[in-house]
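Asks: only geometry, no sequence info:
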C-alpha cells in the first residue's frame with residue numbers, strides 16, 4: 001500500500017468518526033472574521049532555536065473583570081504568578097541547558113534533572129496558555145467541534161458529563177482535564193493528567209481546564225464543582241472550534 005493510499009484511508013476514517021458533514025472543514029480551515037481571536041500558525045514554534053530562553057508571557061486576550069463567576073483577582077493572580085512564573089522558570093532552565101551543552105563533562109545525573117524540569121515547565125506554559133486562551137466566551141458549545149462531540153459521545157451534554165466526571169476526579173489534588181484530538185487515532189477524548197507532564201501521546205489540546213487548587217481557591221476554597229460550573233460558563237467555543245479545525249487540517 002502506498003503512502004498516499006494510507007493517508008487516504010486515515011482521512012476517511014477520521015471523517016467517518018466525526019461525521020461526513022465535517023469533510024469541508026477538514027480540507028481547509030474557514031475564513032475568520034477580523035474580530036475573531038487568532039491562534040499560533042501551524043509550524044510557528046518550530047523555527048525557534050533550542051534553549052533560546054526567550055519565552056514571553058502571553059497577555060490575557062479578554063477583560064478578566066467581565067468573566068462570570070471567576071473574579072478578576074483570581075484570574076490575574078493565576079496568570080501573573082503561576083503561569084508567568086513557569087515562563088520565567090522555563091527560560092532559566094533553557095539557559096542552564098544551553099550552558100550544559102558546552103560542557104563535555106557535565107554530569108548526566110544533573111543533566112537528567114534539568115531535562116525533567118524542562119518537561120515540567122514546557123507542559124505548564126503550554127497548558128496555561130491554552131487554558132487562558134479558551135476563556136472569555138459565553139460557554140455555549142458550537143461549531144464543528146460541537147457536532148463532532150455529539151457524534152462521538154451521543155450528545156454535547158453526554159460529553160460534558162464525562163468531562164465533568166474526569167475533572168472532579170482531580171478535585172482536592174492537582175492536575176488538568178483536557179479535551180484532546182488525537183492526531184494518531186483521530187479520536188476526541190477527555191484526558192486526565194495529574195501534572196504538567198502527563199499529556200496523551202499525539203493528543204492535541206482542544207479545551208484545557210486547570211484543576212490545580214491555585215486556579216480556584218481564592219474564589220471557591222475547596223468547592224471545585226462550583227469552579228467547574230464557572231469555567232464551563234466562560235468557555236470560548238470559537239477558540240475550541242478553531243483548534244479543532246487546525247487539527248483536522250493538519251491531518252489531511
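Replies: Received, thanks. What you are looking at is a predicted structure, and each value in this text was computed from that prediction instead of being measured.
Asks: and for residue 136, nearest residue in space, chain neighbours not counted?
Replies: residue 62 (3.0 Å; CB to CB, 6 or more residues apart in numbering). No exception for glycine: its C-beta is placed from N, CA and C like everyone else's.
Asks: ok, now which ones touch the one you found?
Replies: Counting by CB atoms under 8 Å, 6 or more residues apart in numbering, residue 62 makes contact with 135, 136, 236.
Asks: take the residues you listed and keep only those in helices.
Replies: Of the positions in the contacts of residue 62, not one sits in helices, assigned by DSSP state H.
Asks: with pLDDT added, can I get the residues you listed in CSV?
Replies: Listed next are these as CSV, based on pLDDT from 0 to 100:
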residue, pLDDT
135, 98
136, 98
236, 98
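Asks: got the residue ranges for the helices in the protein?
Replies: Under DSSP H, the chain gives helices at 3-18, 23-27, 72-77, 84-101, 108-133, 143-153, 156-168, 217-220, 224-233, 237-251.
Asks: could those go into JSON lines alongside mean neighbour count and mean pLDDT?
Replies: Below are these laid out as JSON lines (neighbours: other CB atoms under 10 Å; pLDDT from 0 to 100):
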{"stretch": "helix 3-18", "mean neighbour count": "14", "mean pLDDT": "48"}
{"stretch": "helix 23-27", "mean neighbour count": "16", "mean pLDDT": "39"}
{"stretch": "helix 72-77", "mean neighbour count": "16", "mean pLDDT": "98"}
{"stretch": "helix 84-101", "mean neighbour count": "17", "mean pLDDT": "97"}
{"stretch": "helix 108-133", "mean neighbour count": "17", "mean pLDDT": "97"}
{"stretch": "helix 143-153", "mean neighbour count": "20", "mean pLDDT": "98"}
{"stretch": "helix 156-168", "mean neighbour count": "16", "mean pLDDT": "98"}
{"stretch": "helix 217-220", "mean neighbour count": "17", "mean pLDDT": "98"}
{"stretch": "helix 224-233", "mean neighbour count": "18", "mean pLDDT": "98"}
{"stretch": "helix 237-251", "mean neighbour count": "21", "mean pLDDT": "93"}
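Asks: alright, calling it a day.
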